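Engineer: This is a predicted model, with the sequence first.
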Number of protein chains: 2
Amino acid sequence: MIVTVTPNTALDVTYTMDGLRPGDVHRVREVRHRAGGKGVNVARVLHTLGADVRAIFTAGGSTGAAVVGDLAAAGIAAGVVPIGGETRRTTTVLAGDGSVTLLNEPGPRLTGDEWQALAAAVRARKPDVLVCSGSLPPGAGGYAGLFGDAPSILDTSGDALLAGLAGKPTVVKPNADELREVTGLRDPVAAAAELRKAGAGAVVVSLGPEGLLAVTGSGTWHAAPSTVLRGNTTGAGDAVVAALALGLSRVEPWPDILRRAVALSGAAVLGPLAGDVDLAHYQAEQGLVAVRARPD
Amino acid sequence: MIVTVTPNTALDVTYTMDGLRPGDVHRVREVRHRAGGKGVNVARVLHTLGADVRAIFTAGGSTGAAVVGDLAAAGIAAGVVPIGGETRRTTTVLAGDGSVTLLNEPGPRLTGDEWQALAAAVRARKPDVLVCSGSLPPGAGGYAGLFGDAPSILDTSGDALLAGLAGKPTVVKPNADELREVTGLRDPVAAAAELRKAGAGAVVVSLGPEGLLAVTGSGTWHAAPSTVLRGNTTGAGDAVVAALALGLSRVEPWPDILRRAVALSGAAVLGPLAGDVDLAHYQAEQGLVAVRARPD
């Protein structure tokens, strides 16, 4: 079983409005709610692909209850860690002019006991692959303490990423900006090598429309999509992580994993909300992704 | 007992942010929640003044539960009418540049049975004064059907106001824009006379910083504050309605009612959130309001 962990769960809210003008009163035309947070999105993609997956996440208050209810309705197996705080909301405002504006609430502080309950829930599930995704709320312990013997993927940024390397995750997946921020290096291959020295087994860097760079113990590859897609890029990174988790669970070679990860990332760009994927694109694109080995 | 009715309840959410730039990703610095909707705000002001008041309102879903919980915590007597839809949220974004931006979700549709339950809850309370406030959600019956023999105040706009006049409310309280919209007349005295002809006993028009105009069966008055206040004008109209309800319950003369209404409106402008009032200002300002009778 693949287990995803989301310490900083969110209820993703999407507002459709005619426009957004600071200082004005606006009527929201349509309101959509969906369970969110990066690990929850990863679990949703894996569930869509038919994988055996469970999302472990914190949930508190009425917003936490809405997250739990949404995942139950979607049929996604959940491991809920109750917390005293209120789960945060992230609101995406889609305006008539095409602009996309995000308002992200801060996450509630976790108590030490709540973090320990999250860690215990992860251990109890004995995951085949463990995915740790997203930011850490105040009061959270580090991701490093969650990793056991199973293959693991860490998708976070900043201090949470740096501290997590001590747990020797199998793969870390920063994007180019996150990689530059934590290493101070502009060259992604050199920066990835730094993260490997600090504990990461492999580093998969998402390069947006240019695809993925993978720096691993068995080689370095660049995987490029066949075409540049326009759409919703919010969940693209989570789809990459879902494909990496699937590849690790099946012990596939890196070029195959990367081919699928690029295809699934594109399939997410075509999905209307984070966690949605276009299965037809996923299937067709896998044969079109160009994977090239690079000299180390 | 004063009873307020809120068919289109809201959870008022206040976001404090550094700025609001369409197209950007924003971190919300502070999140505050409070039960809202105009009738709920009126009840909160009356409760602060020590009046015997009960707020009757619709509530559904987790947002409805949050509204119920907030009023219970504030000690405000509630008559909850459960509905199948999810209570709406209204979000106020306070940006660092001083701009105030509102995002108002649409209200959930009421069933015929839910509206009847609301009407039955109002009748069962046998109010001494009935206050009907705010917009009507889809599926709602009209306010006219709620008015009985007790004195009543109607504070709404557009079609809901026009249709409500058939119930012969004791007082209607439009602002100048709302009055112009429903009558097509620019002169507020002439426009108020139209509403009286259509069924309103008295018309109290809120004129913003210029105070109140009251056109009644016993005379016409203008009541002006002693000073122009800067602050949060969102709940000022609800404070006026609270003062009108208190005045009707005590059978006070119009000049006294208007003096208190102007003072309480100013006290609400000084309050941080809708429903808050500055009691020191309320007390001091009552003696300073200028009430002048106008020729009919």
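Structural biologist: Yep, it's here.
Engineer: can we go C-alpha only for contacts and neighbour counts from here?
Structural biologist: Noted.
Engineer: Using PDB, write out every CA atom in whichever helix in chain A runs longest.
Structural biologist: If each helix of chain A is counted by residues according to DSSP state H, the longest one is helix A:254-269. As requested, C-alpha coordinates have been extracted for helix A:254-269 and formatted as PDB (Å, rounded to 0.1, in the frame of the first residue of the first chain):
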ATOM      1  CA  TRP A 254      14.000   5.300 -13.800                       C
ATOM      2  CA  PRO A 255      13.300   6.000 -17.500                       C
ATOM      3  CA  ASP A 256      10.000   4.300 -17.200                       C
ATOM      4  CA  ILE A 257       9.100   6.100 -14.000                       C
ATOM      5  CA  LEU A 258      10.000   9.400 -15.500                       C
ATOM      6  CA  ARG A 259       8.000   8.800 -18.700                       C
ATOM      7  CA  ARG A 260       4.900   8.100 -16.700                       C
ATOM      8  CA  ALA A 261       5.500  11.000 -14.300                       C
ATOM      9  CA  VAL A 262       5.700  13.500 -17.200                       C
ATOM     10  CA  ALA A 263       2.600  12.000 -18.800                       C
ATOM     11  CA  LEU A 264       0.700  12.100 -15.600                       C
ATOM     12  CA  SER A 265       1.800  15.700 -14.900                       C
ATOM     13  CA  GLY A 266       0.400  16.700 -18.200                       C
ATOM     14  CA  ALA A 267      -2.800  14.800 -17.500                       C
ATOM     15  CA  ALA A 268      -3.100  16.900 -14.300                       C
ATOM     16  CA  VAL A 269      -2.700  20.200 -16.200                       C
END
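Engineer: Stretch A:41-56: end-to-end distance?
Structural biologist: The separation between the terminal residues of stretch A:41-56, taken as CA to CA, to the nearest Å, is 12 Å.
Engineer: I meant to write stretch A:274-293 there.
Structural biologist: Distance between the two ends of stretch A:274-293: 30 Å, counting by CA to CA.
Engineer: same check, this time on stretch A:11-26
Structural biologist: Across stretch A:11-26, the straight-line distance between its terminal residues is 21 Å, by CA to CA.
Engineer: What segments of the stretch 51-200 of chain A are helices?
Structural biologist: Assigned helices in the stretch 51-200 of chain A, in chain order: A:61-74, A:112-125, A:158-164, A:176-183, A:188-197 (criterion: DSSP state H, counting those that start in this stretch).
Engineer: what residues does the shortest one touch?
Structural biologist: In this case it means helix A:158-164. Outside of helix A:158-164, the residues within contact range by CA atoms under 8 Å, 6 or more residues apart in numbering or on different chains are A:Ser135, A:Leu136, A:Gly142, A:Tyr143, A:Ala144, A:Leu154, A:Asp155, A:Glu178, A:Glu181, A:Val182.
Engineer: And the second one, how far from A:Gly145?
Structural biologist: Computed as CA to CA, the A:Leu136 to A:Gly145 distance reads 13 Å.
Engineer: higher neighbour count, those two?
Structural biologist: Legend: neighbour count by other CA atoms under 10 Å in any protein chain shown for A:Leu136 and A:Gly145, higher for A:Leu136 (22 against 13).
Engineer: Nearest residue to A:Glu114 in space, please, no chain neighbours.
Structural biologist: Nearest residue to A:Glu114 in three dimensions, chain neighbours excluded: A:Ile83, at 6.3 Å (CA to CA, 6 or more residues apart in numbering or on different chains).
Engineer: I meant A:Ala117, not that one.
Structural biologist: Distance criterion CA to CA, 6+ apart; nearest residue to A:Ala117, sequence neighbours excluded, is A:Val81 at 6.7 Å.
Engineer: Specify the beta-bridge partners of that neighbour.
Structural biologist: Beta-bridge pairing for A:Val81 (DSSP bridges): A:Thr58.
Engineer: how far away is it from A:Ala140?
Structural biologist: In this view, A:Val81 and A:Ala140 are 13 Å apart by CA to CA.
Engineer: show me what contacts the closest residue to chain B within the stretch 151-296 of chain A?
Structural biologist: Residue of the stretch 151-296 of chain A nearest chain B, by CA to the nearest CA: A:Thr234 (11.4 Å). Neighbouring residues of A:Thr234 by CA under 8 Å, 6+ apart: A:Val269, A:Leu273, A:Ala274.
Engineer: try 6 Å
Structural biologist: Listed by CA atoms under 6 Å, 6 or more residues apart in numbering or on different chains, the contact set of A:Thr234 reads A:Ala274.
Engineer: Just to be sure, it is in a helix?
Structural biologist: No: under the criterion used here (DSSP: H, G, I helix; E, B strand; the rest coil), A:Thr234 is coil, not part of a helix.
Engineer: Identify the residue spatially nearest to A:Glu280, adjacent ones excluded.
Structural biologist: Careful, residue A:280 is Ala and not Glu. With sequence-adjacent residues excluded and distances taken as CA to CA, 6+ apart, A:Ala280 is closest to A:Ala267, at 8.0 Å.
Engineer: So the one you found is in contact with A:Asp276, correct?
Structural biologist: No: under the criterion of CA atoms under 6 Å, A:Ala267 lies out of contact with A:Asp276, with a separation of 8.1 Å.
Engineer: Near chain B, which residues of the stretch 1-150 of chain A? Just list them.
Structural biologist: Proximity of the stretch 1-150 of chain A to chain B, by CA under 6 Å from any CA of the partner chain, involves residues A:22-28, A:62, A:99-105.
Engineer: mind redoing it with 8 Å?
Structural biologist: For the stretch 1-150 of chain A, the residues in contact with chain B under the definition CA under 8 Å from any CA of the partner chain are A:20-31, A:62-63, A:65-66, A:99-106.
Engineer: Going through those residues, which ones are buried?
Structural biologist: Among these, those classed as buried by 16 or more other CA atoms under 10 Å in any protein chain shown are A:20, A:22-23, A:26-28, A:62-63, A:65-66, A:100-106.
Engineer: Narrow these to those in strands?
Structural biologist: The strands in this structure, assigned by DSSP state E, contain A:His26, A:Arg27, A:Val100, A:Thr101, A:Leu102, A:Leu103, A:Asn104 from these.
Engineer: dump the residue contacts of the fifth one.
Structural biologist: Remark: with contacts taken as CA under 8 Å, 6+ apart, A:Leu102 is in contact with A:Thr90, A:Thr91, A:Thr92, A:Val93, B:Gly23, B:Asp24, B:Val25, B:His26.
Engineer: what do you get for A:Asn104?
Structural biologist: Listed by CA under 8 Å, 6+ apart, the contact partners of A:Asn104 are A:Arg88, A:Arg89, A:Thr90, A:Thr91, B:Val25, B:His26, B:Arg27, B:Val28.
Engineer: What of A:Gly36?
Structural biologist: With contact set as CA under 8 Å, 6+ apart, A:Gly36 has these partners: A:Thr9, A:Ala10, A:Leu11, A:Asp12, A:Val67, A:Ala274.
Engineer: any idea which of these has the most stuff around it?
Structural biologist: A:Thr9 (32 neighbours).
Engineer: So that residue sits against A:Thr90, correct?
Structural biologist: No: look at A:Thr9 against A:Thr90 with CA atoms under 8 Å: they stay out of range, at 9.8 Å.
Engineer: Since that was my last question, I'll sign off now.
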